[in-house]
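[1] when you get a sec, could you give me coordinates for this:
(2 chains)
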Amino acid sequence: MHGWTGRMLHVDLGRGICRRDEIPEELLRAYLGGRGLGVRMMREFFRLDPFDPEIPLIFAVGPLCGTPAPTSARLSVVTRSPLTGTIYDCSAGGRFAWRMKASGIDLLVITGQSAQPVRLEIADDRAELHPAGELWGKGVRESVAALKECGSVAAIGPAGENGVLFANIMMGEGNSVGRGGLGAVMGKKRLKAITVNGTGKTTLADPERFDAARGDVLRLFRASPVLFGELGIGEYGTPALVDLMAQRRMAPTRNFTGTFFPEAGNYSGPAIRAACGAKKDGCYGCPIQCKKSSDQGEPLPEYETVNHFGALNDISDLHAIVKANSLCNDLGMDTISAAATLAAFGEALGRFPRAEEVEGLLERTALVQGEGTLLAKGSLRVARELGHPELSMTVKGLELPAYDPRGAYGMALAYVTSNRGGCHLRAYPISHEILRKPVPTDRFSFSGKARIIKIAEDVNAAVDSLVACKFAFFGATLEEYGELLSAATGIEYTPETLKSIGERICLTERFYNCENGFSMADDLLPERFFSEPGSSGEGIDIPPIDRARFEEERRKYYRIRGLNDDGSFPDANFLERCP
Amino acid sequence: MKDQIAKYTAKLGADRSALPGAIAFAAQDDLLITDGAPQLAELAGATLSRLNALALVAARPALPFAELLIARAGADETGIVPQDTETRTFLHDIPFLRQKDLAEDAPGRIARLLSHRKGIIVEGVGIVAVGAITVEQAYINYSSVFHATFVKYLQDVLRDGFRVPGEEAALELLRRDWLKPLTDDGLAFVPELSDDREEILAEVERVGRYTVERGLVDSFFGNISARAGELIYISQTAASLDELAGCIDPVPTDNSSTTGITASSELLAHRKIYEATGARVILHGHPKFAVIMSMICEKQGCSIRDCWKECPEVRHLDATPVVAGEIGAGGLAKRVPPVIGATGGAVVYGHGVFTIGDAGFGAAFSLMVAVENYCREEYFRRLDGRR
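    Below is the predicted model:
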């Protein structure tokens, strides 16, 4: 077998057993890896409570991991989210994925709950559980440092140990398995860390064809202003978007009461470079190197993080924002959800936190102490408990990122159709509505967006299953990645077959969610976006979203997906028809 | 979407890439719609319904070069590999279907090929191109295939001569009917641009439109900029040069803002050209004969295989230098600035022409016209000489 290893490692923490199994080839071909394979492996378990000891926590790499395919040293982590209750996956880079694949596995499935804190060590064919009591309670940085001799590290911080609903799993290189609280699932299992240190190689079916496809991808990267342009993310990281979002007047401000923050220039890409000496950094083998680190090697914040600890909380102090980012990374918390929860909390109390208060609030959240007991539950539960549910800027309980939907209507639709809640990355319409890739679309029009969002969701589900980085698709397309996959595996995949796989994954996720009680009522934006305007100015009008037009486009989306008009499934046996 | 279909049907007629009356579009949101020549529209609809995409165009090119390329291909060949930079970068190759392959389930056969390429050639039908997310994208891909087949066919004929019936007549059709005298007659330019933002935006919009109207660019290729103090006003990436209103980014020369992340992929080249020459404006188009002639290299025994990227030579078309260099960060920005100042123009291998002006766009436009006219004349001089 080329591309895949064809094997999985099952770790039962309750019984302390590590066992290797074969993965049916049919599943690999039909779901590829990463998100798709992880979602498929949840078929027997998706109804379990996210904190049920038996819920699987799945780490899945893809067939391109371990090959020189650009941006493919990634994995997805899949389970059910304690924050949203939806099926959940998150893609992450770094070095962990390729070292896991080099240990001879495509999948790591962790079930059960250990009686004591443990860590899992994987090195080639060896997999062992070790006591980790001495690490419990430690921050991510210290834990990673303690385990660095064992290879690449994925660890939780105090937030995961304490069940913070937006706790991350952090990769040792600073990458996050972020958003939906998968760190809390790992913490519930009392699994402090996983280390991987494989030395195996991934073989290619057709190296010559692979090299040609790789050349095509790199040529497209070089032609992409977003990736390799002198103002692109290769140079400035995702904070390159700060100036653009300000210019487009769609940067969420003061808990989405506005869409323009006059002080945003304090944390723009050029400002961060000037203040922090941002150096290029990034995932293993990635030519883009969009991650930026300080002179001391500390990961610097992404666009969503600077906006949400900045404009969303009415804070303009770059150093406070950088500090909040570092603290979240060390405590093992998602920066978007943490900052958005603080913003909802602030608006409900009538005062946003001051820059100097943020550090203490974040620490108490991770430790679930004081007001942190409430904040640890995320924006939706905070707003409800404070008697202002309307102030939670979430969809399905997931805090919205830094693209105001009033400034991009495809984004508005994509937030509600996303199977993991208010996420910008499922359909990523910012690509065409703002960044003009592959072609521009009218950001203030719903016309055609239902079809566009559906197609993009399918594409991105396939991308998340390869697993490749979505940023790669600011330059390349599934044409080139399909060619890489065909050359790697020896099995022919075209963009259309990949989109079909993506469609199967998206529908499976929605089916799981519907079975768990999600419905059209959950496919909705917060009321604010339909009743309050954004911050118009500079000739750009940001009115409230037309609710009737939004609902019409949502109905179209359901039809295009083959769902009933209320978003439910016409076929109760859908899963039985899938491989 | 109906308004989009009408718009791009008109554009295919206006740029004379498709035969009026032989154009059809299909598009699907929650419903599938088709419009245009009935038989083609039926085929377009049936094909698109098999694809996970939003739009598709099927049209008969105004010149028969695409089909002649099929006729010239070997019996076992299934596609062509044009050498121009745009195809090499964005399309890679262009598959084709012969008429004998269409006897059963023509839409299915076409959809299968379009499942892995943006545009294809179908014998007896024309060019069929798909737009993954917009109608415009289908138009762009059609236009890209038209450009690619134009360049490749004329390259092949110059190298290998006529091989199949009808080629002489096709070339005659090109020379007699399709090609128009290329001039800047009747065009008005601001002789000396001021730093006034509104004047610059209006002039960039207008000159962008001229480049399309005079056939110096196809689809959304090409870019244009003007410098004013510490700002470069440059067309955005994926912008059609005849529709630049709202699509021009003001980019600070000191990179103090990143709003220009949406600027043309050639922003770096423009910046370096300004730094090297002190020019006031830059125009970049893809006139077809300049693209063809830039790839004719008579050097014998050369060991370089990737001429687009690695050729270190500065060759000349008349007095205009020709250099290698790929798009964006691919090297073009290093090789063009040192040579463009000598004549005010430079040709990039397989790609297109850059021209500059010291005061306004008039000189840059005239030079681009002159370069293309030279290349057109030189092409036919060589072709006639061969015959």
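
[2] okay, CA-based contacts and neighbour counts for the rest of this
    Fine.

[3] does the residue of chain B positioned farthest from its centre count as helix, strand or coil?
    Centroid-distance maximum for chain B: residue B:104 at 33.9 Å, with CA atoms, centre = their mean. Going by DSSP: H, G, I helix; E, B strand; the rest coil, the secondary structure assigned to residue B:104 is coil.

[4] and if you look at residue B:75?
    Residue B:75, by the three-state scheme (three-state DSSP), is coil.

[5] please report the distance of it from chain A.
    23 Å (CA to the nearest CA, to the nearest Å).

[6] count of neighbours near that residue?
    Neighbourhood size, residue B:75 [other CA atoms under 10 Å in any protein chain shown]: 9.

[7] run through the residues that contact it.
    By CA atoms under 8 Å, 6 or more residues apart in numbering or on different chains, the contact list for residue B:75 is empty.

[8] chain B contacts on the stretch 101-250 of chain A?
    Residues of the stretch 101-250 of chain A found near chain B (CA under 8 Å from any CA of the partner chain) are A:216, A:219-220, A:222-226, A:228-232, A:240-244, A:247.

[9] so what's whichever residue of the stretch 51-200 of chain A sits closest to chain B closest to, chain neighbours aside?
    In the stretch 51-200 of chain A, the residue that lies nearest chain B is residue A:70 (16.4 Å; CA to the nearest CA). Nearest-residue entry for residue A:70: residue A:286, 5.6 Å, with adjacent residues in sequence omitted and distances by CA to CA, 6 or more residues apart in numbering or on different chains.

[10] ok, back up a step: state the pLDDT value of the residue farthest from the centre of chain B.
    pLDDT recorded at residue B:104 is 91.

[11] likewise for residue A:280?
    pLDDT, read off for residue A:280, is 87.

[12] need phi/psi at residue A:349.
    Main-chain dihedrals, residue A:349, degrees, to the nearest 10: phi -90, psi 0.

[13] next one: residue B:122
    phi -120, psi 120.

[14] now do the one 5 residues further on
    Recorded main-chain torsions at residue B:127 are phi -100, psi 130, according to degrees, to the nearest 10.

[15] roughly how far does it sit from chain A?
    Taking CA to the nearest CA, one finds residue B:127 at 19 Å from chain A.

[16] count the residues that sit near residue B:172.
    For residue B:172, using other CA under 10 Å, the count is 12.

[17] let me fix that: residue A:475
    22.

[18] got a list of what it touches?
    Counted by CA under 8 Å, 6+ apart, residue A:475 has contacts A:217, A:220, A:221, A:222, A:223, A:224, A:226, A:227, A:437, A:438.

[19] quick one: the helices in chain B?
    Using DSSP state H, the helices of chain B run over B:2-14, B:38-48, B:65-72, B:85-86, B:106-114, B:135-160, B:167-173, B:197-213, B:267-277, B:288-294, B:307-310, B:332-335, B:337-340, B:361-386.

[20] check whether stretch A:558-576 contacts chain B.
    Yes - under the criterion of CA under 8 Å from any CA, stretch A:558-576 makes contact with chain B via A:559, A:560.

[21] returning to what we had before: highest neighbour count among the contacts of residue A:475?
    residue A:226 (32 neighbours).

[22] quick one: contacts of the strand or helix carrying that one?
    Using DSSP states H and E, the element containing residue A:226 is helix A:225-228. Here helix A:225-228 makes contact (CA under 8 Å, 6+ apart) with A:221-222, A:231-235, A:288, A:435, A:471-472, A:474-475, B:237, B:261-265, B:328-329.

[23] distance between it and the chain's centre?
    Its chain's C-alpha centre and that of helix A:225-228 lie 21 Å apart, by CA atoms, centre = their mean, to the nearest Å.

[24] can you tell me the average pLDDT over stretch A:439-459?
    pLDDT averaged over stretch A:439-459 gives 97.

[25] which parts of the longest strand anywhere in chain B are buried?
    For chain B, the longest strand by residue count, based on DSSP state E, is strand B:18-28. Judged by neighbour count (16 or more other CA atoms under 10 Å in any protein chain shown), strand B:18-28 contains these buried residues: B:18, B:20, B:22, B:23, B:24, B:25, B:26, B:27, B:28.
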